[in-house]
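Colleague: Fold the following for me, if possible:
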Amino acid sequence: MDQTPLPFSLASQSTLELRGTCSVTIRQSGNSKTRATASLAVAADGSKLKPMIIFKGEPRGTIATRELPVSQYANQLALCCQPAAWQDNENMLMWIDECLVPHIQQRADGAPVVLFLDHFRCHYSDTVKAKLDTIDVQLKLIPKGCTSVVQPIDVGVNKPFKD
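Modeller: From the prediction side, this is the model:
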């Protein structure tokens, strides 16, 4: 499992201008820096866990309490808010409850479950470790600097998702 940004406005990767022009003006929308975060996970058998989308907002604010629960996607996605639209300890615990636990219940059949995460602080907080212990999930942290080499979610899912 890992996170990847979801920009609301995608800037073009190319421009058109006459040959020899010294500078090229590009236009961006006012939302070019506005984004959400997607927490994506894949199991060793290739099955995908329910995605989580983290929007910018207060965790107990209007969007989180009134809009997200009635979203047409509420059954397919775990939806939450965080002030900077980042994964934090609170929504990491929510991801465990809403995405990991249902997947384990459907597919694991008593097999050992190992969760590989990078060294992002909320991935290995004491509360997250305790929560994983209660559901009998082994946490394995990917060594710093090795994420792009040994974390399949970054290479096989997040990169194509971003592209």
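Colleague: give me every residue that touches D88.
Modeller: Shown in contact with D88 (Cβ atoms under 8 Å, 6 or more residues apart in numbering): Q82, C122. To be clear about C-beta, it is placed using only N, CA and C from the backbone, and glycine gets the same treatment.
Colleague: any idea which residue sits dead centre in the protein?
Modeller: S39 (1.5 Å; Cα atoms, centre = their mean).
Colleague: Would you agree that one is in contact with L6?
Modeller: No. At 10.6 Å, S39 does not count as touching L6 under the criterion of Cβ atoms under 8 Å.
Colleague: anything in contact with each of these two?
Modeller: Contacts common to S39 and L6, judged by Cβ under 8 Å, 6+ apart, are I53.
Colleague: so how far is I96 from the residue nearest to the centre of the chain?
Modeller: Remark: distance between S39 and I96 (Cβ to Cβ, to the nearest Å) = 11 Å.
Colleague: Then D133?
Modeller: 11 Å.
Colleague: secondary structure element for T4?
Modeller: Using DSSP states H and E, the element containing T4 is strand 2-7.
Colleague: Now find how far off-centre that strand is within its chain.
Modeller: On the basis of Cα atoms, centre = their mean, to the nearest Å, strand 2-7 sits 5 Å off its chain's mean C-alpha point.
Colleague: ok and the helix or strand following that strand relative to strand 2-7, angle-wise?
Modeller: Remark: after strand 2-7, the chain's next helix or strand is strand 35-40, criterion DSSP H and E. If you take axes from the mean of the first three to the mean of the last three Cα atoms, to 10 degrees, strand 35-40 sits at 150 degrees to strand 2-7.
Colleague: longest helix of the chain?
Modeller: Counting residues, the longest helix found in the chain (DSSP state H) is helix 126-134.
Colleague: Check which residues of that one are buried.
Modeller: V128, K131, L132 (16 or more other Cβ atoms under 10 Å).
Colleague: Then stretch 69-81?
Modeller: Neighbour-count burial for stretch 69-81 [16+ other Cβ under 10 Å]: L77, A78, L79, C80, C81.
Colleague: can you pull the contacts of the third one?
Modeller: Taking Cβ under 8 Å, 6+ apart as the contact definition, L79 lies against M52, I53, F55, L68, S71, Y73.
Colleague: so what does the helix or strand containing the second one touch, helix or strand wise?
Modeller: Assigned by DSSP H and E, I53 falls within strand 52-56. Other helices and strands packing on strand 52-56, by 3 or more Cβ pairs under 8 Å, 6 or more residues apart in numbering; DSSP states H and E, are strand 35-40, strand 78-82, helix 89-95.
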